[in-house]
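Participant: Got a predicted structure plus its sequence, pasted below:
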Amino acid sequence: MSFKVLVDSAADIPFERAIAAGIDVIPMPVTIDGKTYLEGVNLTAKDFYAEFNSFKELPKTSQPNPSALLECYERSLSNGHEVVAIHLSSGLSSTFATAQIMRDSTSAPEKVHILDSLGASFGYGLLAISAQEILTTASSWQEAEARILDVRQKMRYVFTIDTLEFLVKGGRVSKTAGFIGGLLDVKPVLHMTPDGRIEPFAKVRSRRAAIRRLIELMEQEIDRPEQQVVGISHSACYEEAMMLAQEVRQHFTVKDVWVSEIGCVIGSHTGPGVLAVFYQRKV
């Protein structure tokens, strides 16, 4: 069997790691002040965050064009691959639902496997990289799917953010949570729920305390760290991301720590100043 893993650009896999893993990335649209761009094609994270504070309104995101999904699936099929398309959490985007519909329009629906990541950013990216590794050793799709879903169940997404303002405006967390955060001037810690939605998890008084809370959670939850690559993502706060990576290495004997920049799709809803950590936890 030959499989090709496809992801949305919201997986935030660094270009060189996607190439090394043999993963194809489908660009997602981002609309800024009335003009639509394709992430990674004519819009980079560097330019996006440099201009973020000058945008007249919060950027808007949408799922890839259905025809673009179909084209990507068909290209892989024509190259002799079965398709494993892992899409942005259904709790955040309609891409997964559209992908299921488009699968039935392909020339070989039985060779197109659509999975809901139930995640976002580089945690979703790590899931896809793990899926690619699993597919090289699995004896059947059924075996591979079970192993991929096991990784998905274990994947933990925890992050801290300077302000809930953008998540509230984009409808990703409730206005009540945003009001409380602003009123108390807290630094919230949030997480992805098992059904792939974003919820506040804890409140602390400072950025440093928020980072400590991320490490504490890892200490409580991480499963066999020596076998794991831990992911860290940031939006325009590279130095803090590297500090967090150092903290992870000091506290845990991990296989590696990979740092990724949060892209334009996820950044449209969070804004700059996000620091996230992704790992597999005990279940």
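Facilitator: Structure received. Residues are numbered from 1 along each chain as shown.
Participant: low pLDDT regions in the chain?
Facilitator: Scanning the chain for pLDDT under 70 picks out 1, 163-166, 168-185.
Participant: in it, which residue is closest to the centre?
Facilitator: Geometric centre of the chain, nearest residue: Ser121, 1.9 Å, by C-alpha atoms, centre = their mean.
Participant: That one contacts Ser9, correct?
Facilitator: No. Contact between Ser121 and Ser9 fails when scored by C-beta atoms under 8 Å: they sit 10.7 Å apart. C-beta: built from backbone N, CA, C; applies to glycine.
Participant: gap between the two ends of stretch 41-57?
Facilitator: Start-to-end span of stretch 41-57 (C-alpha to C-alpha, to the nearest Å) is 22 Å.
Participant: now it, how far from the chain's geometric center?
Facilitator: Put simply, stretch 41-57 sits 19 Å off its chain's centre (C-alpha atoms, centre = their mean, to the nearest Å).
Participant: buried set for it?
Facilitator: Buried residues in stretch 41-57, defined by neighbour count with 16 or more other C-beta atoms under 10 Å: Leu43, Ala45, Phe48, Tyr49, Phe52.
Participant: in what helix or strand does the fourth one lie?
Facilitator: Just to be clear, that refers to Tyr49. helix 45-51 (DSSP states H and E).
Participant: Give me the helices and strands touching the helix or strand that comes right after that helix, please.
Facilitator: Scanning forward in sequence from helix 45-51 by DSSP H and E, the next helix or strand is strand 60-61. Applying 3 or more C-beta pairs under 8 Å, 6 or more residues apart in numbering; DSSP states H and E, we find strand 60-61 packed against strand 29-32, helix 264-270.
Participant: Which among these is found nearest to Gly91?
Facilitator: Nearest of the helices and strands packed on strand 60-61 to Gly91, taken as C-beta to C-beta: helix 264-270 at 12.4 Å.
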